[in-house]
Structure formats: C-alpha cells, structure tokens
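Fold the following, please.
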Amino acid sequence: MGAPAITDGASYQNIPETTAKLEWADLVTLDLSDFDRPGGKQRLAAQLHDAIQKIGFFYLVNFGLSQEEVNDQFSLAAKIFQLPEQEKQKYERNHSLPGGPLGFQLRGNGPGQRENVELYDDPKWNSYFEDRPRPPPCVEYKEKTEKFCRHLHYHILYRLLVLTAIILKLDDEEALWKLHDYEAMSNCHMRYMLQHPSASKGEKGPVTETIRGHTDFGTFTLLFRQPIAGLQIRTADNSWKWVKPYPASITVNVADTLSALTGGLLKSSIHRVIPPPDDQKGLARLGVIYFSRPGA
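Okay, here's the model as predicted:
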C-alpha cells in the first residue's frame, strides 16, 4: 500500500479524531510566545522543570510557524513516500557519508522497526551537506524546508536550551545552545515517517509495536503529528499511556544526550508507536520530526 494521497497542504489534518476511550498522558503545554515577555523565561523554565522531572514529554504552542508552513512539510512527506521503490533505493542510508546514516530506511529494514514503517532522514541544509544527493521532492522544497529547519533550530531549539540552562542555574544561559551550531557538522536532521495502515482490526492479545520502545539520541526531539493516535510513553509506574495529538502544537521529548548532560535531571522517557485504535486503523500516519544533536 502506498503513501496517503495528500492533494493539498492541509489535507493531512482532515482526519476525525478517535472516539476510543484511551488513557491519555497528562502533559504540560508551554506557550513559547511568553519567552520574550518580562519574566517569561523564568516562568517557562519553572513549568518545564516541573514537567520534565516527571516525564520527558511536553507540548509547545505559539512557536512562530504558520499552519501553512507545517502543512508544506506534510505535503513534502507524502511526495517523498509516493516515489517508486526503485527511486527510493537510490537514496538509501549510507553510513560512509558525512553526518551519519541519513536517507531512506525502507519498510522493515531498521532495528526495532516493523514492516509497515518507512523513514526518510534529510540532513541539514548547510555547506557540509550541499552536495549530498537528495530525492527530487526534497530538492523541489529546498527553500521552504531550509527556512522551516532553521526556524526549528534558531527559534525553538534555542529557547528550549536557554530554558534548560536556567533550570540548571548555569552562569551562561547560552552554554548549551553554543554546542548546537547549525552551520557545523552534526547529525541534526529532519525525519519524515510513514506508518502504513494496519492490516486487521479488533484483534485481542499482545500489543504489536510498530516501532519498539526506545529513547531518542540527542537533545530535544520536535514532533509534528496528524490527529491519529499511535504514540505512547512509558510512565514511572511502567504503564503505557497515549500521547494525544493536539492541533497547532509540537510534541517535544527530551533525548538521551540532554539527559546525560543534566545528570538525569531531565528525563528521556521510553516511548513507542503502536497501531491506532480501530476507528483509525485503516489510515496511513505521517510524521514530521526534527532531531537536534550537538555538533562534532
């Protein structure tokens, strides 16, 4: 089964929310527009501190991107996965290239990845990667994607790292930020993910994990989502709770490098992807993700 037919930038959102009674995780929402107001950084740092001691997931709103800009990235994702398999194979992950194994991970080819998930990891748009081969849709969307990525990095990631420095009481609020030079060689990248529809409904028994429980490598992961349930996090009592997809928000999680840098004060929580509830099981699920990682 191919990628979802997205005919315009907004159609990825035209999906009814599930009516299933699910146990949703209770996560904090940070309004990033408060950052530049008097006392805003301190308020947000206090909120973030409270949130990430319990579980390393939270939401962001008012983060400075229009819905059209987000829609464009989902349109790009659909175009990427609609490429013929033979074309995708030209851009499969190559461990020998600078920046790590970026490119296509075809269905079922990755560790902990089931056969109905495929990924494309797109490197940063900077001088280190300007000669890196990319599929035609990425070249077509270069201007939009570069602007989008730089906003994620310079506007959103910058603010999150400053808030983290405030939590840690560092003398230099930009100490962590200075480890994340966008123009340097690093494995920061965009990920476009397609979860193909589940084949069956209503089956009882053990949960089939589409992407097995894991933590992310890096500092913060920024996730843009469709209104399709599928993401779960493991809580302190070892139970799994669903992470609700809210419109006009980013789901953010703390990753392992940041957890290590903060001595475990910031928690990198185990999370997984499972098939959605029955009323959404016939739907393909697209994800647009930014992984932030320190420079070399």
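
so Glu87 is in which element?
helix 85-89 (DSSP states H and E).

So which bits of that helix are buried?
For helix 85-89, burial by neighbour count (16 or more other C-beta atoms under 10 Å) applies to Lys88. For glycine as for every other residue, the C-beta is placed from the backbone atoms N, C-alpha and C.

for the record, mean pLDDT for that helix?
For helix 85-89, mean pLDDT is 95.

What's the first helix or strand after that helix?
Downstream of helix 85-89, the next assigned helix or strand under DSSP H and E is strand 103-105.

Give me the helices and strands touching that following strand, please.
Contacts defined by 3 or more C-beta pairs under 8 Å, 6 or more residues apart in numbering; DSSP states H and E place strand 103-105 against strand 117-123.

Where do the strands of this protein begin and end?
Counting by DSSP state E, the chain has strands at residues 29-31, 57-61, 103-105, 117-123, 189-195, 211-214, 220-225, 231-234, 240-242, 250-254, 271-273, 285-291.

looking at those strands, which is buried most?
Ranked by mean neighbour count, the strands of the chain are led by strand 250-254 with a mean of 25 (mean count of other C-beta atoms under 10 Å).

That strand - contacts with which helices or strands?
strand 57-61, strand 220-225.

correct me, but Arg191 touches Val117?
No: using C-beta atoms under 8 Å as the test, Arg191 is too far from Val117 to be in contact (11.4 Å).

Please work out which helix or strand belonging to the chain has the smallest mean pLDDT.
strand 211-214 (a mean of 82; mean pLDDT, DSSP states H and E).

Go ahead and measure how far that one is from the middle of the chain.
Averaging C-alpha positions (C-alpha atoms, centre = their mean, to the nearest Å) puts strand 211-214 14 Å from its chain's average.

One more: stretch 288-296?
10 Å.

show me where the stretch 151-296 of the chain has helices.
158-167, 256-261 (DSSP state H, counting those that start in this stretch).

With the stretch 1-150 of the chain instead?
40-54, 67-81, 85-89, 136-140, 142-151.

Just put the strands of the chain in JSON lines and tack on distance to Phe129.
What follows is the strands of the chain, written out as JSON lines (distance: least, C-beta to C-beta, whole Å):
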{"stretch": "strand 29-31", "distance to Phe129": "30"}
{"stretch": "strand 57-61", "distance to Phe129": "26"}
{"stretch": "strand 103-105", "distance to Phe129": "12"}
{"stretch": "strand 117-123", "distance to Phe129": "4"}
{"stretch": "strand 189-195", "distance to Phe129": "9"}
{"stretch": "strand 211-214", "distance to Phe129": "25"}
{"stretch": "strand 220-225", "distance to Phe129": "19"}
{"stretch": "strand 231-234", "distance to Phe129": "28"}
{"stretch": "strand 240-242", "distance to Phe129": "36"}
{"stretch": "strand 250-254", "distance to Phe129": "24"}
{"stretch": "strand 271-273", "distance to Phe129": "27"}
{"stretch": "strand 285-291", "distance to Phe129": "15"}
